[in-house]
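# Predicted model and sequence follow; I will ask about them next.
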Amino acid sequence: MSRKATCLDNACMEGFFGHLKDELYWGQRFESFEQFEQELDQYIYYWNTKRYQETLGGLAPEEYQAISAELTALYPEYAAQYHSPV
């Protein structure tokens, strides 16, 4: 950790909040806090499971996990090389 007010410590969260504001918040009017909370929950679910990610080869996390599980089932010796037992 570095000193107070160093943005690099929170770069990932700053990026997330920037996307959150652009894609969910700006220009929206929410009728109630409950509506905002529901839409926020839906956005976080989308962000964590459905959003296409460059680091996963342009796949959504759910798609990547499904393909990874299929490959692990087909080639268990390959998976053993890259996944250490916990």
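Received, thanks.
# Give me the mean pLDDT for stretch 31-51.
For stretch 31-51, mean pLDDT is 92.
# Check stretch 78-86 too.
Mean predicted lDDT for stretch 78-86 stands at 59.
# next one: stretch 10-25
The average pLDDT within stretch 10-25 is 85.
# residues in contact with the residue of the chain positioned farthest from its centre?
Centroid-distance maximum for the chain: residue 77 at 28.8 Å, with C-alpha atoms, centre = their mean. By C-beta atoms under 8 Å, 6 or more residues apart in numbering, the contact list for residue 77 is empty. From N, CA and C alone the C-beta is placed, and that goes for glycine too.
# Now do it against residue 56, distance only.
23 Å (C-beta to C-beta, to the nearest Å).
# Show me the residue at the heart of the chain, geometrically.
Centroid-nearest residue in the chain: residue 48, 3.3 Å away (criterion: C-alpha atoms, centre = their mean).
# and the residue nearest to that one when sequence neighbours are not counted, what are its phi and psi?
Of all residues not flanking residue 48 in the chain, residue 61 sits nearest, at 6.7 Å (C-beta to C-beta, 6 or more residues apart in numbering). Backbone torsions of residue 61, given as degrees, to the nearest 10, read phi -50, psi -40.
# can you pull the contacts of residue 61?
48-51, 53 are the contacts of residue 61 under C-beta under 8 Å, 6+ apart.
# Tell me the buried residues in the helix or strand hosting residue 71?
Per DSSP states H and E, residue 71 falls inside helix 61-74. Within helix 61-74, the residues that qualify as buried by neighbour count (16 or more other C-beta atoms under 10 Å) are 63-64.
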